[in-house]
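Enquirer: Predicted structure and sequence below. I'll ask about it afterward.
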Amino acid sequence: MRNKLINFALHLSRPEKRAISVVTDFFLLSFAIWSAFALRFENSAWVPSDKQLWVSLATVILTIGAFVKLGLYRAVIRYISEHAFLAILTGVVFSSVSLIVLGFLFQTLVPRSVPVIYGAFAFMLVAGTRFCVRTIVRRRSDLSRDGVLIVGAGRKGMQLASALAQGVEYRPLGFVSTVEGNHKSVIGNLPVYSLDYINKAIRELGVCRVLLAIEDSEQVDRKDLMRILESLAVPVQTVPSMSELVTGVARINDIRDLELEDLLGRDPVRPDTAMVSQGLYGKSVLVTGAGGSIGSELCRQIIQHRPSKLVLVEQSEFSLYAIERELQALNRTEALGVEIHPLLGSASHRRRCEAAMRSFGIDTVYHAAAYKHVPLVEQNVIEGVQNNVFGTFHVAEAAIAAGVKRFVLISTDKAVRPTNVMGASKRLAELVLQGLAQRQSDTIFSMVRFGNVLGSSGSVVPLFRDQIRDGGPVTVTHPDIIRYFMTIPEASQLVLQAGTMGQGGEVFVLDMGEPVKIADLARKMIHLMGLTEKTDERPDGDIEIVFTGLRPGEKLYEELLIGDHPQGTAHPRIMMAKEVAMPWDEVEQTLNRLIRASHEFDCWEIVEILKTAPTGFSHNGGVADLIWCNGDRQLTVSPSGADKIRRFPA
């Protein structure tokens, strides 16, 4: 019956709800005046005189008029806040003064204590009824909302609790604080627990999920925190970072799955911002592959250092449109004053790149355009080599011709002793730049080599997340496969840092700590989403992990260095590798052979050239190019005795 009455009231129109509030206040204020007189005269059967009745009626009407003027009837009761106390208090004080004035004007007996008693009764009745209704309505809606526990009792946690309390999806039940001084206290009527008692808090409060709202500046042992959260029986999610909140990219109540840097269980690498700013402020910068995952993050970070011009080169129309629109919005919001120029086209077009570099007076080039998905490059050998090797060569030659001061190549750990075409092509791109660094000294070439980038196109984390949401199975190629991981911001920061440190031909790598086993990463994601792994020992689990076998060109372990003696740099987490290089004339011969093999569409010859160059390429499979394998062909034997596929005209 009560629920039906509440539903009926909630579905009334706004004018109807306001009318009910006005009528209710009329009776409550009338009762407050009568109670004040009855209490003063100590007569529970007190009956007002005609003049007292008219004075009381006029006071009530004036009070309701004051409430209207103060906007009390425009407030939605279910969302009414403590600020309404001030409006009600102001209206009640006005009402008490009105009672005194009207009693004087009409020469009516109004004892001095009556307005005071009336004001107290009126405030309690008007305010009390509203907050009682709010409590009833909220308690009813709370039953349909998920209870959440917030890890972090700082400013971000408080903002989150406030936002969730006003929302319709989640209900904050308590805080978990990493600061010992907050333990066993109460913040905003919500209890605060220590991290050691988080399981107890989940049981006692009936928590459905845990939300991370840790301050960016807070010192936390991420590995230990993730170990504790991984063992919980409820999903763990997070809220946006403070930088996203400040720039307006996200809101505090935008709940989402754990950030990728959280899954790493380590603190992110911090750049030397002063050095980076010195190399970018007021300069003209060009980024190739500006719409990609790495290129777009590079652009976001570069623009914060206020270069004079930022030129975006991208062959995907939509990607270029998206990043250019985002950067323009950021440029306006923060008044950065950067000229942004979007150029549509391929970085492999040497003459167009040179023209762009001359036109905009480019000082620094960040070359992020590349094909980096291992299986796809294995199946498209020609395009992989054309884009990764010749694309790099053409952009570098354009930079030399245009007088660019610095050129930074974004490389990969797969370039170290590669077992696939993608890695070999990136290593050969490094050799090309090393050769160009020997050939001339006007343009400083450097390379930045890092591990797998979480969140980039082809990253396993979005794939695992989609598979878990679909109910599994989660596919992992091998139980022992391990990878080094970085976040996109970390990788971009390293690139910018290295761009200011290079002297010519260096390969920079990051000390990324311990590598991560992919199977363990999958298990961690399953547990953090509040699910269990399905195994032979636990057949009633939620998500199964299936091992599919290594793909063509894939290896179990990735490395960052070819040599074993890296040198330190000015940054404690950045090392410099002295890798083997080729004289420029040998690089030129290798490129000419690759051009001829590409024109003849001889994928086997391309693989052989990549092997004979000092790339350390050891292919762990046959040529998997889709057109090569499915075209007209005949199996012959090479002079070395190895099987070799040759194409013949139809």
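Expert: All right, it came through fine.

Enquirer: Please give me every residue in contact with W54.
Expert: F106 (Cβ atoms under 8 Å, 6 or more residues apart in numbering). Bear in mind the C-beta positions are built from the backbone N, C-alpha and C, glycine included.

Enquirer: for the chain, what's the longest strand?
Expert: Ranked by residue count under DSSP state E, the longest strand found in the chain is strand 170-177.

Enquirer: Run through who's touching that one.
Expert: Applying Cβ under 8 Å, 6+ apart, the contact partners of strand 170-177 are 142, 145-153, 157, 160-161, 164-165, 182-183, 187, 190-195, 198, 201, 205-207, 209-211, 255.

Enquirer: redo that, cut-off 6 Å
Expert: Under the contact criterion Cβ atoms under 6 Å, 6 or more residues apart in numbering, strand 170-177 has outside partners 142, 145-151, 153, 157, 161, 164, 187, 190-193, 195, 198, 201, 205, 207.

Enquirer: what do you get for stretch 21-35?
Expert: Residues from elsewhere that reach stretch 21-35 (Cβ under 6 Å, 6+ apart): 56, 60, 63-64, 73, 118, 121-122, 125.

Enquirer: Among those residues, which one has the most neighbours?
Expert: Highest neighbour count within the contacts of stretch 21-35: A122, with 29 neighbours (other Cβ atoms under 10 Å).

Enquirer: Provide the secondary structure category for P48.
Expert: Of the three states, P48 takes coil according to DSSP: H, G, I helix; E, B strand; the rest coil.

Enquirer: mind listing what's buried in stretch 120-140?
Expert: Buried residues in stretch 120-140, counting neighbours by 16 or more other Cβ atoms under 10 Å, are found at 121-123, 125-127, 130, 133-134, 137.

Enquirer: ok, so of those residues, who is nearest T535?
Expert: Checking the buried residues of stretch 120-140 against T535 with Cβ to Cβ, the nearest one is V137 at 46.3 Å.

Enquirer: quick revisit: counting neighbours, which of the contacts of strand 170-177 end up buried?
Expert: By neighbour count, with 16+ other Cβ under 10 Å, those hold 145, 147-151, 153, 157, 161, 164, 187, 190-193, 195, 198, 201, 205, 207 as buried.

Enquirer: Tell me which of these fall in helices.
Expert: Using DSSP state H, 157, 161, 164, 198, 201, 205 are the members of these that sit in helices.

Enquirer: Show me what the host helix or strand of I136 packs onto, helices and strands only.
Expert: Per DSSP states H and E, I136 falls inside helix 113-142. Judged by 3 or more Cβ pairs under 6 Å, 6 or more residues apart in numbering; DSSP states H and E, helix 113-142 is in contact with helix 14-41, helix 83-105.

Enquirer: Next, the angle from the last one to helix 113-142.
Expert: It stands for helix 83-105. Compare the direction of helix 83-105 with that of helix 113-142 by axes from the mean of the first three to the mean of the last three Cα atoms, to 10 degrees and you get 150 degrees.

Enquirer: What pairs with the longest strand of the chain, parallel or antiparallel?
Expert: Using DSSP bridges, the strands paired with strand 170-177 are strand 146-151 (parallel), strand 190-194 (parallel).
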